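J.: Pasting the sequence and the predicted coordinates here, then a few questions.
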Amino acid sequence: MSGRLKAGAGQAKPASQLAALLLGTTMLAGLPQVALAQETASEEAQETAEPAAPEVEPVDNTIRSISVVGAERLEPQTILSYIRLRVGQEYTSVAADGALKDLGATELFSNFSIRNDAGNVVITVTENPVINRIILEGNRRLKNDKILPEIKLSPRQIFTRSKVRADVARIIELYKRQGRFAATVEPKMVQLPQNRVDIVFEISEGPKSKVRQINIIGNEQFSDGDLRSEMVTKQARWHRFFSSNTSYDPDRLAFDQQKLRQFYLTEGYADFRVVSAVAELTPDKEDFIITYVVEEGERYKFGDVTVESQLRDFDSDRMTQNLPMNSGDWYDAKLVEDTVEQITELAGTFGYAFADVQPRFDRSREDLTMSVNFVIREAPRVYVERVDVNGNTLTQDKVVRREFRIAEGDAFNSLQVNRTTARINSLGYFQENFEVTQTEGSQPDRIVLEANVEEQPTGELQLSAGFSSLERFILAASVRQRNFRGRGQTVGLSVNWSRFSRSASISFTEPYLFDRNISAGIDIFRREFNSFNFRSRDRNRTFEQATTGFSLRAGVPLTEFVSLIGSYTLNFDDITLDRDIFFSDFDGDGIRTCEPLFAGRFLCDAVGKRTSSIVGLTIAHNSLDSRLRPTRGSNVSLTTEVAGLGGSVKYVRVRGRGAKYWPVGAGFIFSVSAEGGAINSLEGSKGPGVDGVLLTDRFFLGEPQFRGFDIRGVGPRVLRQQYIDDADGNPVAITDRDRVVDDALGGKAYYLGRAELEIPLGSGARELGLRPSIFFDVGALFAVTRPILQDNPNGIQQRNADGELLFFEIVDNGDGTSSTRLTTNPVAADGVTQNVPNIIQGSRFREIFLGDSAKPRMSVGIGVNWNSPFGPFRIDFAHVLSKEEGDDTKRFTFNVGTQF
């Protein structure tokens, strides 16, 4: 609150009074005020001057009635139920004190007293105020929605001192968890009418307490730096600006002790122990200095390593021979743990779900060896009693159950359970790191498999933006629902737009057609692409390609990991050129045709309407643990397409893709992918300089497949450079790329490879959803027939309908003026003057063919994925290591989207 109210209703109590209210150290409101009205005959006798009577009748202290004065919200009977005084009892000071203690224990009253009036007991109370609202001030780092759920006080509750003290301690504890140990909280109370109050917590957050230094005492075999690298807590340094691990956390301190022990045990130091771990707060309360005292001990080697199996399916001697460690190797506790997991996993594949593998250690301090005996205890074969699916409110049960690779009644198999987990994770409908859990069934040889899912948004609204040196700004939008109506169906709609390209598509996929393991889908699309022409740095279109069509898909699984997918695609292509710019009627027959002089022969050959009827077949192997964000496994596919079953285009095209993912430890994910393809015409030669594969059917390479290069920025292309005259009148070609016509021709073969390493960040960055990576891309596009090129430094002279060259002749009009006319005579009427040739405008140019090379182009860069508040965000920055002349490069791209 900005400002403080003074005493009175609706005003803040003085700090001393509030402190007394909270701490109970002075006689303020809220402390018991005891008024005992005990009158005795002896006291009355002493106050009078009369002599005492010879006999005094005893006073009757029996309680005749009990009444309550001052109650507002509480009923008197409710207040009386809190005390142990009852009508008919004897009233004593002990009983009165007990009643006052009972009232104080309720914490409902700020003031209360009791008096006895000749057996009529009167209890006077002042009720604690009701909280109107809770106000937090000064909390910038921890917002209200983080603090208010953690405290006990809330509006419309009865104010109590103990709850205020507890809430102050709780708020301070919350700030300590954030590493702010200098945080202070001062509670204040603002009185309001009708016995109401506002509670104000004034918070001073203070700076975040960093770990200034980590000291390690007692380490001889490993340096401080080696040991610090094993810890989660890091020393505060400038390059760890985004890391949250530089703040002090007592829980993390305990975890780091375990990390140190694990490290030493992995290196063979079985006697290692942390003697002490002390965190000291600096006097300014800004930083911590952590000191570890360690005792390394001796280094051990493996002694005898054996397996003792009580299961009939496991031979102890054979398993001993296959163990990853041998006698004489340095002892490694991590290797022992991994071996236990591997043996347990192996037992699970044979149906022993609850196999108990226990390593028994025999340490010899004399010869510094550690013998290990892996005991596989006897366990019954287990069968699946039932499969339960829980937590799916939108997704139908059958969508989850059909991903199970093990059915009710089957023998338990851990590999099948793991595969089921991977398949459900690949759906992308549920929480990350979902796992099928196992619980005991109704009998010892029965097990229940549970899929406890937490549904996540499966709708995607993707908005992408980029900047291209050719197309300038590029915008794309798509809407996709991957779990339509909870049936696992995928429905998508996408639109892409830039100045020179547009596309729209709608798609539908049913993964289980008629509840059978057959996938089917359809895509309907419209794509338009315009090539570019530069005139005086202005962009103009050369050819326009419009494709309208649809595609049908169907797939069946051959094995658990291998699928066969068939497709049929029908395309209607229309390639046109601007008739006003690239068409002419040089022969004078009245028919305008595409003029290679203006457009280039390779473009004129592509003009026209065509129909493509394409049949495709794909065989794919997929063992990824997740289709959305894989961390291990591989994905390989080979696709063959044949065009010619109807339509006007005939070719065969082959394309292959493959990717492999490895977790390489400490959260790093390394992946390698490769793809390539080739296409060949089935129509034979079409003449010199004309490729049998149409421009629209060739491969193109660039963004977004090849980072570091622009859209269609790699591979064969024709550059048309205009000639100008230099100072001596000699023709010179313009090489400025912004003033050159650049037409990408595509290629009949390509290859592309990628290597990428995803880098883990600290917990703070993970909470923000940041996932950076470094990448290396290599690829090439090549193999196209060299087109017939033109080189006209002096331009091309125009001809008439009979093919005769035309000249400009200056004619004297006889009135002192002259005019120009076209003639076929190179010499003027005077027989001396040479007429000027009629050079076709724009015909002074040369064409250069570049980029048709299989030499690898390479780029490296960094990229960042960010799950931002406004949707997933991706940015890539790439640097090209090698390229060929004519390639178009591009440094960075970004896109953004959201989910629903």
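T.: Received, thanks.
J.: What is the longest strand anywhere in the chain packed up against?
T.: The longest strand of the chain (DSSP state E) is strand 538-557. If you count contacts as 3 or more Cβ pairs under 8 Å, 6 or more residues apart in numbering; DSSP states H and E, strand 538-557 packs onto strand 519-535, strand 562-577, helix 601-606, strand 741-744. In short, each C-beta sits where N, CA and C put it, glycine included.
J.: Identify whichever of these lies nearest to residue 691.
T.: Of all the helices and strands packed on strand 538-557, helix 601-606 sits nearest to residue 691, with 7.9 Å by Cβ to Cβ.
J.: ok, residue 574 - contacts?
T.: When contacts are counted by Cβ atoms under 8 Å, 6 or more residues apart in numbering, residue 574 touches 545, 546, 547, 608, 609.
J.: Mind doing that once more with 7 Å?
T.: 546, 609 (Cβ atoms under 7 Å, 6 or more residues apart in numbering).
J.: For it, list each beta-bridge partner.
T.: For residue 574, the beta-bridge partners are residue 546, residue 609 (DSSP bridges).
J.: From here on, call the first residue 187.
T.: Sure thing, new numbering starts at 187, so read that last one as residue 760.
J.: Take the helices and strands packed on strand 724-743 and write them to TSV, including mean pLDDT and distance to residue 635.
T.: Listed next are the helices and strands packed on strand 724-743 as TSV, based on pLDDT from 0 to 100; distance: least, Cβ to Cβ, whole Å:
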stretch	mean pLDDT	distance to residue 635
strand 705-721	79	25
strand 748-763	92	25
helix 787-792	74	58
strand 927-930	81	54
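J.: Next, format these as JSON lines and append distance to residue 364.
T.: Output for these, formatted as JSON lines (distance: least, Cβ to Cβ, whole Å):
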{"stretch": "strand 705-721", "distance to residue 364": "49"}
{"stretch": "strand 748-763", "distance to residue 364": "49"}
{"stretch": "helix 787-792", "distance to residue 364": "64"}
{"stretch": "strand 927-930", "distance to residue 364": "54"}
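J.: closest to residue 499 out of those?
T.: Nearest of the helices and strands packed on strand 724-743 to residue 499, taken as Cβ to Cβ: strand 748-763 at 28.6 Å.
J.: Put the alpha carbons of the following helix or strand past that closest one into CSV.
T.: As assigned by DSSP states H and E, the chain's next helix or strand after strand 748-763 is helix 765-768. Output of helix 765-768 as CSV, limited to C-alpha atoms (Å, rounded to 0.1, in the frame of the first residue of the first chain):
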residue,chain,number,x,y,z
ARG,A,765,3.4,-12.6,-72.0
ASP,A,766,4.1,-8.9,-72.1
ILE,A,767,7.8,-9.4,-71.1
PHE,A,768,8.8,-12.8,-72.4
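J.: Next SSE downstream of helix 765-768?
T.: strand 769-770.
J.: Tell me the pLDDT of residue 403.
T.: Per-residue pLDDT puts residue 403 at 94.
J.: what's the spacing between it and residue 807?
T.: Distance, residue 403 to residue 807, by Cβ to Cβ, to the nearest Å: 55 Å.
J.: Out of the two, name the residue with the larger neighbour count.
T.: Counted by other Cβ atoms under 10 Å, residue 403 and residue 807 do not tie: residue 807 has more neighbours, with 15 against 11.
J.: wait, residue 812 sits on residue 612?
T.: Yes: the pair residue 812 / residue 612 is scored as a contact, 5.2 Å apart, by Cβ atoms under 7 Å.
J.: show me where pLDDT drops low in the stretch 187-336 of the chain?
T.: Across the stretch 187-336 of the chain, the ranges flagged by pLDDT under 70 are 187-246.
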